[in-house]
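Student: I'll drop the sequence and a predicted model, then ask my questions.
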Protein chains: 2
Amino acid sequence: MISAGEVWMRVLLALGGNAMSGPGGSTKPEDQIAGVQQSMASVADLIVAGVEVVLTHGNGPQVGSLLVMNEVSASVVPPLPLDWCGAQTQATLGFIMLNALEAAMAERGAARSTVAVVTRTLVSVDDGGFSHPSKPIGRYLTREEATVLIEHGQHFEDRGERGWRRVVASPEPLEILEVSVIAQLMRAGHIVIANGGGGIPVVRDSDGCLRGVEAVIDKDLGAALLARNLGVDRLVIATDVEAAVLGFDGPDAQPLGTVSVADLRGYAADGHFASGSMGPKVEAICRFVEATGRPGAITSLANIVATVRGEAGTFVIPAGDGASATRDGRGT
Amino acid sequence: MISAGEVWMRVLLALGGNAMSGPGGSTKPEDQIAGVQQSMASVADLIVAGVEVVLTHGNGPQVGSLLVMNEVSASVVPPLPLDWCGAQTQATLGFIMLNALEAAMAERGAARSTVAVVTRTLVSVDDGGFSHPSKPIGRYLTREEATVLIEHGQHFEDRGERGWRRVVASPEPLEILEVSVIAQLMRAGHIVIANGGGGIPVVRDSDGCLRGVEAVIDKDLGAALLARNLGVDRLVIATDVEAAVLGFDGPDAQPLGTVSVADLRGYAADGHFASGSMGPKVEAICRFVEATGRPGAITSLANIVATVRGEAGTFVIPAGDGASATRDGRGT
């Protein structure tokens, strides 16, 4: 039995950008604050259950909103580069998460110190995404709207009737540059919020210096790297659904419970998970489990406490370890 | 004599928003990066001279630019609250400062870890600024432009021919909420960047919870509070001029060198320092010196190393301590 207040597990918890916004992904400030407050209540429940948490988060709806501001004002103010947009959301989301999580912890009689760290993620200047950007972001624009932004160096694709869409690199995350700071703050007892949006993408130039690049890092792949480097016991990705599902749209849809990483890799290879949504989450969890031999999970925020105990969600265990793994993961 | 690499003093260094932007306060991203690179070269010189530095910074030009984006896109995207704009600049400026300072340190053969912390500053919900907002920010707008923003809850004043101008609260900073995190990171050997723009303003509601408020905290008054709470040896405010000047615009202009805090208070009371520029810097330095009995200084970034040694800039020493204070401040 775990007594209240005792830390029995360290978890990196990755929250989707939707968990930080309002209904329909609304990014109105009051909607973001309300969404974050609801999410932080679940996070606080997890912490009160004795789990030491490091938080990371997506920023899709938020960056989308900033891009609209950039577009609308591009003829008056130079658009902010995508790495700056990502940085901005680390601070705004970090800020409202700090306030909401501290309030939720205080409400549970367990006040804690929280801290949000501006986090950079190293990518390779040779990543294929830079020569062939393919990740679509932002709204469909008219040719005229796109032209203003193309003149500012942005890449757009003509998508025919729907209009023009910006495409950017989504490079592989190689190194979380603030990992030692995050680890120190975690050891010192703070709840750390870090690597939002997968981290601010930077490349190392030939002189060794870092500079920001216009790119979008997958926040779940960034989370997998951070979880590995921090040496946490679990990577948990919280999303809008309770589990990864086989045959998602078909009549035989089957939610995955406990599954070995080898089986999950197989399902992914068979095309069960959509490339823009569940695919990267599955890939991120597989990477973490394979690299560390520790379990990972995909679940909804509402089921987060049960999932960490191995009693809900898609709970992924090391390959060949199925027989010895118990639902609470202590077998691994 | 101080040998290279030995830390002999801890300084909180406050940089103006202009030190983070291009010529004429340009906030084009490439201009901000170039401005920050130049500023961080001076900061690196100071660190290599054996001074342990915590950095804070203004964000006036940057917030001004964000406000323009807000205005131009207000009919399409809800404007971001002022506390969020401040948060955004903590991350974007923090990000480019991290890159530039690490590069400058590496160039000097003294690589160091740096970290930018999202920082909140507590203000009182009863601060007079909220009932009578008086700090003007942003551009002059037409009545039509202002109306859209007034509908979003912003306060504007009709300034006649020049147009309409937004006014906000500039409340007194009461507590830097991340001070213990900053102190821990500093002790662990990191160069910390914190409390940008004076901190993100928050109030504590009757239920004890924190929430952001639309306000602008004077970054120098915020710096004075942070310097006091961190217990640093010096507060140094770097600005565009080499010293505070008596009779600034007149024929008998006299730059201030070493001056007692009592004398400086007297000059301020006599109206020697402009309320929107040198005034708050003088007030901030006076508060730090009076509260700690340690020196403070106002200087240009180019003179920063000499100033910390008490050999340049306006060097402010405790009242009644003039005779025993030496230029390097060791007498205090």
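Tutor: Received, thanks. Residues are numbered from 1 along each chain as shown, chains lettered A, B, ... in the order given.

Student: average model confidence for stretch A:71-78?
Tutor: The average pLDDT for stretch A:71-78 rounds to 85.

Student: send me it as CSV with only the CA atoms.
Tutor: This file holds the C-alpha atoms of stretch A:71-78, laid out as CSV (Å, rounded to 0.1, in the frame of the first residue of the first chain):
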residue,chain,number,x,y,z
GLU,A,71,-0.8,36.8,-40.9
VAL,A,72,-3.3,39.5,-40.2
SER,A,73,-0.7,42.0,-39.2
ALA,A,74,2.1,41.0,-41.6
SER,A,75,1.8,44.1,-43.7
VAL,A,76,2.4,46.3,-40.6
VAL,A,77,4.6,44.2,-38.2
PRO,A,78,7.2,41.7,-39.3
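
Student: tell me the buried residues in that stretch?
Tutor: Neighbour-count burial for stretch A:71-78 flags A:71, A:72, A:73, A:74, A:77, A:78 (criterion: 16 or more other Cβ atoms under 10 Å in any protein chain shown). In this view, the C-beta of every residue, glycine as well, is placed from N, C-alpha and C.

Student: wait, which of the residues you listed is closest to residue A:133?
Tutor: Taking Cβ to Cβ as the measure, residue A:133 lies nearest residue A:71 of the buried residues of stretch A:71-78, at 17.5 Å.

Student: assign a three-state SS to that closest one, would you?
Tutor: What DSSP: H, G, I helix; E, B strand; the rest coil gives for residue A:71 is helix.

Student: how about it, what does it touch?
Tutor: Residue A:71 makes contact with A:79, A:138, A:139, A:141, A:145, A:148, A:149, according to Cβ atoms under 8 Å, 6 or more residues apart in numbering or on different chains.

Student: re earlier: got the buried residues of stretch A:71-78 as JSON lines, with distance to residue A:117 columns?
Tutor: Formatted as JSON lines, the buried residues of stretch A:71-78 follow (distance: Cβ to Cβ, whole Å):
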{"residue": "A:71", "distance to residue A:117": "30"}
{"residue": "A:72", "distance to residue A:117": "31"}
{"residue": "A:73", "distance to residue A:117": "29"}
{"residue": "A:74", "distance to residue A:117": "31"}
{"residue": "A:77", "distance to residue A:117": "28"}
{"residue": "A:78", "distance to residue A:117": "28"}
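
Student: for the stretch 51-200 of chain A, what lies in contact range of chain B?
Tutor: Neighbours of chain B within the stretch 51-200 of chain A, by Cβ under 8 Å from any Cβ of the partner chain: A:65, A:68-70, A:72-73, A:76-78, A:80-81, A:83-84, A:87-88, A:90-92, A:94-96, A:98-99, A:102-103, A:106, A:113, A:115-118, A:120, A:178, A:180-181, A:184-185, A:188, A:190, A:200.

Student: now list the buried members of these.
Tutor: The neighbour-count test (16+ other Cβ under 10 Å) applied to those identifies A:65, A:68-70, A:72-73, A:77-78, A:80-81, A:83-84, A:87-88, A:90-92, A:94-96, A:98-99, A:102-103, A:106, A:113, A:115-118, A:120, A:178, A:181, A:184-185, A:190, A:200 as buried.

Student: which of those residues fall in strands?
Tutor: A:115, A:116, A:117, A:120, A:200 (DSSP state E).

Student: which one of these sits closest to chain B?
Tutor: The closest of these to chain B turns out to be residue A:116 (Cβ to the nearest Cβ; 3.9 Å).

Student: quick check, pLDDT for the closest residue to that closest one other than its chain neighbours.
Tutor: The shortest distance from residue A:116 to any non-neighbouring residue, by Cβ to Cβ, 6 or more residues apart in numbering or on different chains, is to residue A:94 (2.9 Å). Per-residue confidence at residue A:94 stands at 98 (pLDDT).

Student: re the thing from before, and the contacts of residue A:71, which is closest to residue B:54?
Tutor: Nearest member of the contacts of residue A:71 to residue B:54, counting by Cβ to Cβ, is residue A:79, at 32.4 Å.

Student: residues contacting the residue lying closest to residue A:163 once chain neighbours are set aside?
Tutor: In space, not counting the residues next to it along the chain, residue A:163 is nearest to residue A:140; the distance is 3.6 Å by Cβ to Cβ, 6+ apart. By Cβ under 8 Å, 6+ apart, residue A:140 lies in contact with A:159, A:162, A:163, A:164, A:165.

Student: the host helix or strand of residue A:140 pairs with which strands?
Tutor: Using DSSP states H and E, residue A:140 sits within strand A:135-141. Using DSSP bridges, the strands paired with strand A:135-141 in its sheet are strand A:164-168 (antiparallel).

Student: and the residue of the stretch 151-300 of chain A found nearest chain B, how many neighbours does it have?
Tutor: Going by Cβ to the nearest Cβ, chain B is nearest to residue A:209 of the stretch 151-300 of chain A, at 4.1 Å. The number of residues packed near residue A:209 is 17, by other Cβ atoms under 10 Å in any protein chain shown.

Student: which residues touch it?
Tutor: Contact analysis of residue A:209 by Cβ under 8 Å, 6+ apart lists B:99, B:102, B:103, B:106.

Student: pretty sure the last one sits against residue A:204.
Tutor: No. Between residue B:106 and residue A:204 there is no contact, the gap being 11.0 Å when judged by Cβ atoms under 8 Å.

Student: where in chain A is pLDDT low?
Tutor: Along chain A, segments meeting pLDDT under 70 span A:1-5, A:320-332.

Student: and the longest helix for it?
Tutor: With DSSP state H setting the assignment, residue counts place helix A:82-107 as the longest helix in chain A.

Student: on that earlier part again, buried stuff in the next helix or strand after the strand holding residue A:140?
Tutor: Downstream of strand A:135-141, the first helix or strand assigned by DSSP H and E is helix A:143-151. Using 16+ other Cβ under 10 Å as the test for burial, helix A:143-151 gives A:145, A:146, A:149.

Student: hey, C-alpha coordinates of helix A:143-151 in PDB?
Tutor: Taking Å, rounded to 0.1, in the frame of the first residue of the first chain, the C-alpha atoms of helix A:143-151 are listed here in PDB:
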ATOM      1  CA  ARG A 143      -2.800  33.500 -52.800                       C
ATOM      2  CA  GLU A 144      -2.600  37.200 -51.900                       C
ATOM      3  CA  GLU A 145      -2.400  36.500 -48.100                       C
ATOM      4  CA  ALA A 146       0.300  33.900 -48.700                       C
ATOM      5  CA  THR A 147       2.300  36.100 -51.000                       C
ATOM      6  CA  VAL A 148       3.000  38.600 -48.100                       C
ATOM      7  CA  LEU A 149       4.300  35.800 -46.000                       C
ATOM      8  CA  ILE A 150       6.300  34.200 -48.700                       C
ATOM      9  CA  GLU A 151       8.000  37.500 -49.100                       C
END
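
Student: helices and strands around it, which ones?
Tutor: Packing partners of helix A:143-151 (3 or more Cβ pairs under 8 Å, 6 or more residues apart in numbering or on different chains; DSSP states H and E): helix A:60-72, strand A:156-158, strand A:164-168.

Student: quick one, the first one and strand A:135-141 angle?
Tutor: Right, the one you point to is helix A:60-72. 50 degrees (axes from the mean of the first three to the mean of the last three Cα atoms, to 10 degrees).
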